[in-house]
Each structure stands twice: as C-alpha cells, then as structure tokens.
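K.L.:
Mind looking at a prediction? Sequence and model below.
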Amino acid sequence: MSREHSRPADGKLPTLQPAELIDMKARASKIAMVTAYDAPSARFADQAGVDVLLVGDSAAMTVLGHDSTVPVTIEEMLMLTRAVARGARRALVVADMPFGSFQPSNRTAVMNAVRFVKDGGAHAVKIEGAGATLKRVEAIVAAGIPVMGHIGLTPQSVVMLGGYRAQGRTAAKARRLQEDALALERAGCFCVVLEAIPEPVAARITASLRIPTIGIGAGASCDGQVLVWHDVLGLTSGHLPQFVKQYAHLSEDILAALKAYVTDVRAARFPERQHGYNMLPGELERLEEETK
C-alpha cells in the first residue's frame, strides 16, 4: 500500500515504517536522512520531507562538546531521543545506541534498546559494526525492535580503525565490508549505513542487498544519504569532512544577530517600549499611593 493510499482522514501522513524504506529501495526512490537532537530540529526536518531522523551519538560532539562520540551516555541519548520524538510527525525516528550500551551482552543490548523505544519514543535503533554485533542485532530484532546497521567508518571504534579515515580501500577490505553488510541483512537489519567507503565498494554493497543502504561519504549509488544537522546548516566550526555539503551558513547569521543584540543592550537601544508590559489602568497610581 502506498503512503498516499494509507493517508488517514485527517490528511496527516502516518509515521514512515522500516518496511517502507525497503519498498523505497525497490522503487529506486532515494531516502533522505538527517541527524536531529531536539524537538525544533525534528519539526523543521519533518516539514521539509526528511524520511528518517537519526538521533545520532554525534551529539556528543555537536551538542555536548566532547571530542568523540564515546563519552555520551545512554541517559543523555534518551533525553535527546525523547525531544526528537516529540517534534517528529511523519519521519521514522532512529536512536543511536551509544558506546557501551550494547557491547557487553545480548541482554544488555535488548534492555537498552527497549528503553530507547519505550522511554525514548524511538521507532528503531542503530548499532555500529558487524562481527560480534551480529548477535546483538539478532537479539534486538527478536525482541521486536527494528535495527539499522552501520559499517565502514564506525566512530565508536575509531581507535581500532586507526583514526577517522576511509574504509574498504583495498580489495580484501572491500570484500569484508560486503560480507559484513550481507551478514547484517541476514541478522535482521532493515537498513545499513555505509560511512566513508569508496563509491565503487558502496555500489557493490548496495546492489547485493535487499535492504537499503544510507551513505555518508559513500557516493551517490547508495539508496539514501545522511548528513549531520550542524554540517548541513553550516553550524560546524573547524575542519569539515570532504563528504559534507553545507546548504546554509547559519553560524554567520547567528554570530551577527548576537553581536547586534549585545550592541543594542550596551547602547540601551533594547528593550524599547513595545517590548514591555503595562499595568492595568489606575493600578500604578494605586501602587504609588499605597507606598508613600
């Protein structure tokens, strides 16, 4: 059933379902995903037609000021997920399971995935890696929670990978990535993120899977794309990965607005009369009389 045919009487589209992303791949309809960390961002992205909102553990750096994704806690991610879920109307909300929330055991992984759905309001979770992670995927899916996979450059394992660098650049490593993607599909993932992978490798992986691939630095052959909210809007300072395209430069507008505000305050130009409130008629006179 198409989304148009499933539109309810009130005209509002229902939340996009994981199975519909697989249908989009079959129709060669590209999937747009963006990270979001709060309710206003979720509302804007939803209104723009974004299909998937990823509450990324990238919040550790973009929102919380850490140097990597590793320090962010499950409680912090739950708070951000709840905020995004409140702002989303149609988009599928996927919560990133942070480092340490799924690695220890299947039981830990399932318990924390349940928290993201039950307490956080997420529709699905994302976990990084393959190998031992495959058992975690199977356990979470068996518990009835959709899982998005993530291979290539996996930031939670960046030390083991030798830093933030492209993956799959040799034939042997490319074959391993394809095997990992197929294993994640067999384990029950409904989608796989491919990060920092050469486009020919990503194209081979995409063609071999029934489930969609979402690329970030993996070329145009993927079934969809994801970028970090702050990168898209030009809110990121410092070095940007080469795969980032900025669609605005809001940091310049924000800085200019704040400088104008500071100038107005110091020059006593703000607030003006229209920015204040008046007392009810006669009440000022009564106050002055009572306080003589």
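P.N.:
The structure has been received and is ready for your questions. As the structure is a prediction and not an experimental result, all values here were calculated from the model. Residues are numbered from 1 along each chain as shown.

K.L.:
Find the nearest non-adjacent residue to residue 56, please.
P.N.:
Counting by C-beta to C-beta, 6 or more residues apart in numbering, residue 35 is the residue found nearest to residue 56 once chain neighbours are left out, at 4.1 Å. The way it works is simple: take the backbone N, C-alpha and C, and place the C-beta from them, glycine included.

K.L.:
contacting residues around that neighbour?
P.N.:
Contact analysis of residue 35 by C-beta atoms under 8 Å, 6 or more residues apart in numbering lists 53-56, 58-59, 62, 226-229.

K.L.:
how about 7 Å then?
P.N.:
Counting by C-beta atoms under 7 Å, 6 or more residues apart in numbering, residue 35 touches 54, 56, 58, 228-229.

K.L.:
Residue 127: neighbouring residues, count only.
P.N.:
25 (other C-beta atoms under 10 Å).

K.L.:
mind checking pLDDT for the nearest residue to residue 100 once chain neighbours are set aside?
P.N.:
Once flanking residues are discounted, residue 100 sits nearest to residue 74: 7.8 Å by C-beta to C-beta, 6+ apart. Residue 74 is assigned 97 on the pLDDT scale.

K.L.:
quick one: which of the contacts of residue 35 is nearest to residue 184?
P.N.:
residue 54 (16.5 Å; C-beta to C-beta).

K.L.:
Other residues contacting the helix or strand that closest one falls within?
P.N.:
Element membership of residue 54, judged by DSSP states H and E, is strand 52-55. The contact list for strand 52-55 (C-beta under 7 Å, 6+ apart) reads 31, 33-37, 42, 45, 77, 80-81, 84, 88, 91-96, 126, 226.

K.L.:
tally of neighbours for the nearest residue to residue 234 once chain neighbours are set aside?
P.N.:
Of all residues not flanking residue 234 in the chain, residue 249 sits nearest, at 3.8 Å (C-beta to C-beta, 6+ apart). Number of residues near residue 249 (other C-beta under 10 Å) recorded here: 11.

K.L.:
so where do the helices sit in the stretch 151-292 of the chain?
P.N.:
For the stretch 151-292 of the chain, the helices defined by DSSP state H, counting those that start in this stretch cover 158-161, 171-187, 199-208, 229-232, 250-266, 283-290.

K.L.:
Which positions within the third one qualify as buried?
P.N.:
Read it as helix 199-208. Buried residues in helix 199-208, defined by neighbour count with 16 or more other C-beta atoms under 10 Å: 199, 201-206.

K.L.:
and it, what other elements does it pack with?
P.N.:
With contacts taken as 3 or more C-beta pairs under 7 Å, 6 or more residues apart in numbering; DSSP states H and E, helix 199-208 sits against helix 171-187, strand 213-216.

K.L.:
and among the ones you listed, the most buried is which?
P.N.:
strand 213-216 (a mean of 27; mean count of other C-beta atoms under 10 Å).

K.L.:
returning to what we had before: right, and out of the buried residues of helix 199-208, which lies closest to residue 18?
P.N.:
Residue 18 lies nearest to residue 206 out of these, by C-beta to C-beta, at 17.3 Å.

K.L.:
can you pull the pLDDT of the residue nearest to that closest one when sequence neighbours are not counted?
P.N.:
Nearest non-adjacent residue to residue 206, counting by C-beta to C-beta, 6+ apart: residue 213, 4.5 Å away. pLDDT, residue 213: 98.

K.L.:
just checking, residue 196 touches residue 152?
P.N.:
Yes. Counting by C-beta atoms under 7 Å, residue 152 is a contact partner of residue 196 at 5.4 Å.

K.L.:
so what sits against both of those two?
P.N.:
With C-beta under 7 Å, 6+ apart as the test, residue 196 and residue 152 both reach residue 167.

K.L.:
quick one, which of the two is more surrounded?
P.N.:
Taking other C-beta under 10 Å, residue 196 and residue 152 do not tie; residue 152 has more neighbours (26 against 23).

K.L.:
what sits against that one?
P.N.:
By C-beta under 7 Å, 6+ apart, the contact list for residue 152 reads 167-168, 177, 194-197, 218.

K.L.:
got the residue ranges for the strands in this protein?
P.N.:
31-35, 52-55, 92-96, 124-126, 147-152, 191-195, 213-216, 224-227 (DSSP state E).

K.L.:
Report all helices and strands that the shortest one contacts.
P.N.:
Under the contact criterion of 3+ C-beta pairs under 7 Å, 6+ apart, strand 124-126 touches strand 92-96, strand 147-152.
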